[in-house]
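>>> give me a model of this one.
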Amino acid sequence: MTFKYFTLDEFACKHTGENKIEPEFIHRLDELREACAFPFTITSGYRDVTHPAEARKSKGGVHTTGIAADIAVSNGVERATIIRNAIELGFNGIGVAKGFIHVDTRSLPQVVWTY
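Numbering: from 1, shown residues only. Just a heads-up that it's a prediction; the model follows:
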(Lines give C-alpha, C1' and ligand atoms only; values in the text may rest on other atoms or scores of the structure.)
Protein backbone atom coordinates (compact mmCIF):
# COMPACT_ATOMS: atom_id res chain seq x y z
CA MET A 1 0.00 0.00 0.00
CA THR A 2 1.43 3.36 -1.00
CA PHE A 3 0.51 6.88 -0.10
CA LYS A 4 1.63 10.15 -1.67
CA TYR A 5 3.06 11.88 1.42
CA PHE A 6 3.05 9.35 4.27
CA THR A 7 4.27 5.91 5.24
CA LEU A 8 2.37 3.47 7.41
CA ASP A 9 5.18 3.53 9.97
CA GLU A 10 4.46 7.18 10.82
CA PHE A 11 1.14 6.12 12.38
CA ALA A 12 2.27 3.28 14.66
CA CYS A 13 1.46 3.51 18.36
CA LYS A 14 4.40 5.14 20.16
CA HIS A 15 3.66 2.98 23.22
CA THR A 16 3.25 -0.52 21.72
CA GLY A 17 4.38 -0.23 18.09
CA GLU A 18 1.06 -1.68 16.98
CA ASN A 19 -0.52 -0.04 13.97
CA LYS A 20 -4.22 -0.27 13.14
CA ILE A 21 -4.49 3.02 11.27
CA GLU A 22 -7.12 2.88 8.53
CA PRO A 23 -5.57 3.19 5.04
CA GLU A 24 -8.54 5.29 3.90
CA PHE A 25 -7.74 7.76 6.68
CA ILE A 26 -4.16 8.11 5.39
CA HIS A 27 -5.53 8.77 1.91
CA ARG A 28 -7.67 11.54 3.42
CA LEU A 29 -4.56 12.97 5.09
CA ASP A 30 -2.81 12.88 1.72
CA GLU A 31 -5.64 15.06 0.36
CA LEU A 32 -5.29 17.43 3.32
CA ARG A 33 -1.51 17.63 2.89
CA GLU A 34 -1.96 18.35 -0.83
CA ALA A 35 -4.45 21.13 -0.10
CA CYS A 36 -2.21 22.72 2.54
CA ALA A 37 0.91 22.64 0.31
CA PHE A 38 3.43 22.22 3.14
CA PRO A 39 4.92 19.11 4.83
CA PHE A 40 3.21 17.46 7.80
CA THR A 41 4.90 15.79 10.74
CA ILE A 42 2.58 13.27 12.37
CA THR A 43 3.14 13.32 16.13
CA SER A 44 0.48 10.72 16.96
CA GLY A 45 -1.58 8.36 14.84
CA TYR A 46 -2.98 5.04 16.00
CA ARG A 47 -2.89 4.53 19.77
CA ASP A 48 -3.41 1.21 21.48
CA VAL A 49 -5.91 1.31 24.37
CA THR A 50 -2.94 0.79 26.72
CA HIS A 51 -1.25 3.99 25.52
CA PRO A 52 -1.04 6.36 28.51
CA ALA A 53 -3.10 9.05 26.75
CA GLU A 54 -5.89 6.52 26.12
CA ALA A 55 -5.69 4.46 29.32
CA ARG A 56 -6.77 7.42 31.45
CA LYS A 57 -9.98 7.85 29.41
CA SER A 58 -13.17 6.08 30.49
CA LYS A 59 -13.60 4.84 26.92
CA GLY A 60 -11.00 4.84 24.17
CA GLY A 61 -10.70 7.91 21.97
CA VAL A 62 -10.74 8.06 18.20
CA HIS A 63 -6.99 7.44 18.01
CA THR A 64 -7.75 3.85 19.12
CA THR A 65 -10.02 3.36 16.11
CA GLY A 66 -7.37 4.26 13.53
CA ILE A 67 -9.10 7.36 12.18
CA ALA A 68 -7.19 10.15 13.91
CA ALA A 69 -3.85 11.91 13.77
CA ASP A 70 -2.09 14.83 15.39
CA ILE A 71 -0.15 17.09 13.01
CA ALA A 72 2.69 19.28 14.34
CA VAL A 73 2.35 23.02 13.68
CA SER A 74 4.89 25.75 14.26
CA ASN A 75 2.89 28.90 13.58
CA GLY A 76 -0.56 30.39 13.23
CA VAL A 77 -0.54 30.34 9.43
CA GLU A 78 0.00 26.56 9.39
CA ARG A 79 -2.65 26.14 12.08
CA ALA A 80 -5.24 28.17 10.14
CA THR A 81 -4.41 26.49 6.84
CA ILE A 82 -4.85 22.99 8.26
CA ILE A 83 -8.10 23.90 10.02
CA ARG A 84 -9.61 25.60 6.96
CA ASN A 85 -8.71 22.73 4.63
CA ALA A 86 -9.72 20.02 7.11
CA ILE A 87 -13.19 21.56 7.38
CA GLU A 88 -13.48 21.85 3.60
CA LEU A 89 -12.40 18.22 3.15
CA GLY A 90 -14.93 16.91 5.67
CA PHE A 91 -12.81 16.00 8.68
CA ASN A 92 -15.36 15.82 11.51
CA GLY A 93 -13.10 16.20 14.55
CA ILE A 94 -10.61 19.06 14.80
CA GLY A 95 -8.68 19.80 17.98
CA VAL A 96 -6.53 22.90 18.21
CA ALA A 97 -3.45 23.07 20.44
CA LYS A 98 -0.42 25.34 20.50
CA GLY A 99 1.89 22.77 18.93
CA PHE A 100 -0.44 20.49 16.98
CA ILE A 101 -3.77 20.09 15.21
CA HIS A 102 -5.79 16.91 15.79
CA VAL A 103 -7.90 15.72 12.85
CA ASP A 104 -10.21 12.74 12.64
CA THR A 105 -13.01 11.30 10.55
CA ARG A 106 -15.50 10.40 13.29
CA SER A 107 -19.06 9.79 12.16
CA LEU A 108 -20.63 12.20 14.65
CA PRO A 109 -21.52 15.77 13.69
CA GLN A 110 -18.50 17.98 13.16
CA VAL A 111 -16.84 19.20 16.36
CA VAL A 112 -13.96 21.58 17.05
CA TRP A 113 -12.22 21.99 20.42
CA THR A 114 -9.13 23.46 22.01
CA TYR A 115 -6.66 21.86 24.40
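
>>> now Arg84: how far from Gly95?
Distance from Arg84 to Gly95, counting by Cβ to Cβ, to the nearest Å: 15 Å. The way it works is simple: take the backbone N, C-alpha and C, and place the C-beta from them, glycine included.

>>> which residue of the two possesses the greater neighbour count?
Remark: of Arg84 and Gly95, Gly95 carries more neighbours, 17 against 12, as counted by other Cβ atoms under 10 Å.

>>> what are the buried residues along stretch 80-94?
Thr81, Ile82, Ile83, Asn85, Ala86, Phe91, Asn92, Gly93, Ile94 (16 or more other Cβ atoms under 10 Å).

>>> lowest-pLDDT helix or strand in the protein?
For the chain, using mean pLDDT, DSSP states H and E, the weakest element among its helices and strands is helix 52-55, scoring a mean of 85.

>>> for Glu10, see how far away Ala72 is.
For Ala72, the distance to Glu10 - Cβ to Cβ - is 12 Å.

>>> got the residue ranges for the helices in the protein?
Along the chain, counting by DSSP state H, helices occupy 23-36, 52-55, 76-88.

>>> and the least confident helix or strand of the chain, how far from the chain's centre?
Mean C-alpha position of helix 52-55 versus that of the full chain (Cα atoms, centre = their mean, to the nearest Å) differs by 16 Å.

>>> so which bits of that helix are buried?
Using 16+ other Cβ under 10 Å as the test for burial, helix 52-55 gives Glu54.
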